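Colleague: Below is the sequence, then the predicted model.
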Amino acid sequence: MPTDADARRPRLTPAIADVRRAVRGSFSGLADASLVLVALSGGADSLALAAATAFEAPRAGLRAGAVIVDHGLQESSAEVAARAGEQARGLGLDPVVVTRVSVEQGSPAGPEAAARAARYAALQAAASDHHAAAVLLAHTLDDQAETVLLGLARGSGAGSLQGMAAEAGLYRRPLLGIRRAATRAFCADSRLTPWDDPHNLDLSYARVRVRERVLPVLESELGPGVAEALARTAEQLREDNDAFQQMIDEVIEDIVEHVEAGIGIAVSALEANPPALRGRIVRFVAQSEFGVALTRVHVQAVLRLVTDWRGQQPLDLPGFTAAREGRLLVLRSTR
């Protein structure tokens, strides 16, 4: 005969099974009794992730908590954060951290990037305070497809088109293979009421326009499966990028040397490599030595000092200069 507990327990629907399975797979490599924290906004994606984690973590010998970040960008943000905290506690998550952040106004990178920076700083701090082994983020396959499309539109190159990694240091994204519709179904099947962020319908944001206008048109005109195809593209490019990075790691120490106030790269070694690898080596040195992400235009200008040397003057680039000095391509900081 059914008990009260049976009546409260959601039946195992396909959506619940898929999300739980994805979360279970994300626990690989975590030590017994480790703490995982779910980044919870109260929206359908993160609420489904939180509920699935609350179910799966104890069965995997892990502890599970939640972090709710109040960005303070909407009048009711404190109430939304408090409600998400109550939902997390109701799911059995512990600890539940609710933290308010200050988002830089007028940031040159834009409001979305400023909010993201504040959010990740808060997640990092919560993980450090509670000695968490991982922070779980609720990005879905749809988010991945949107990221790839935005990168394609901006001409950002393969590094951007590879989208978000399933695992990057502290952060894990269990739902990258799950559609957004499945997280909504999970919440409905589990009798959980998600919060609908009004910003997700604000067409002033490029990502919202991609979600509400661009992807639906592509699905309509090209047929279903566009989002899945974009996510597969990201995965393939990530594999390619990992292979390139391994090649760079193998050769970089042999072709660079320290010079006064900078770094020198052997011209002959750059010339001996394929163009794609030359560019990646230059980008790698710029990022690792000067913290600068070069555009393709910048990279091509630097490589002309190698492949089309005609006595050009040094190049002034963001944060450093590039010059041909004998057998070396020399990059020096201007900071």
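Modeller: Yep, that arrived.
Colleague: mind listing what's buried in stretch 328-335?
Modeller: By neighbour count on 16 or more other CB atoms under 10 Å, the buried set for stretch 328-335 is Leu328, Leu329, Val330, Leu331, Arg332. Every C-beta, even on glycine, is put in place using the N, C-alpha and C of the backbone.
Colleague: I meant stretch 234-249, not that one.
Modeller: Buried, per 16+ other CB under 10 Å, within stretch 234-249: Ala234, Glu235, Leu237, Arg238, Asn241, Phe244, Met247, Ile248.
Colleague: I'd like the average pLDDT over that stretch.
Modeller: Stretch 234-249 shows a mean pLDDT of 89.
Colleague: CA atoms only: put that stretch into PDB for me.
Modeller: C-alpha atoms of stretch 234-249 as PDB (Å, rounded to 0.1, in the frame of the first residue of the first chain):
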ATOM      1  CA  ALA A 234      32.100  22.300 -30.200                       C
ATOM      2  CA  GLU A 235      33.200  18.900 -28.900                       C
ATOM      3  CA  GLN A 236      35.100  18.100 -32.100                       C
ATOM      4  CA  LEU A 237      36.900  21.500 -32.000                       C
ATOM      5  CA  ARG A 238      37.700  21.000 -28.400                       C
ATOM      6  CA  GLU A 239      39.400  17.700 -29.300                       C
ATOM      7  CA  ASP A 240      41.300  19.500 -32.000                       C
ATOM      8  CA  ASN A 241      42.300  22.300 -29.700                       C
ATOM      9  CA  ASP A 242      43.500  19.800 -27.100                       C
ATOM     10  CA  ALA A 243      45.700  18.200 -29.700                       C
ATOM     11  CA  PHE A 244      47.200  21.500 -30.700                       C
ATOM     12  CA  GLN A 245      47.800  22.400 -27.100                       C
ATOM     13  CA  GLN A 246      49.700  19.100 -26.600                       C
ATOM     14  CA  MET A 247      51.800  19.900 -29.600                       C
ATOM     15  CA  ILE A 248      52.600  23.400 -28.200                       C
ATOM     16  CA  ASP A 249      53.500  22.000 -24.800                       C
END
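Colleague: ok, and what's touching it?
Modeller: Contact partners of stretch 234-249, identified using CB atoms under 8 Å, 6 or more residues apart in numbering, comprise 144, 147-148, 158-159, 161-165, 276-277, 280-281, 284.
Colleague: Keep only those of these that are in strands.
Modeller: Residues of the contacts of stretch 234-249 located in strands (DSSP state E): none.
Colleague: Tell me the one of these nearest Leu215?
Modeller: Using CB to CB, Val148 comes nearest to Leu215 of these, at 10.6 Å.
Colleague: And the closest residue to that closest one other than its chain neighbours, which helix or strand is it part of?
Modeller: Once flanking residues are discounted, Val148 sits nearest to Leu230: 4.5 Å by CB to CB, 6 or more residues apart in numbering. Here Leu230 is covered by helix 226-255, with elements defined by DSSP states H and E.
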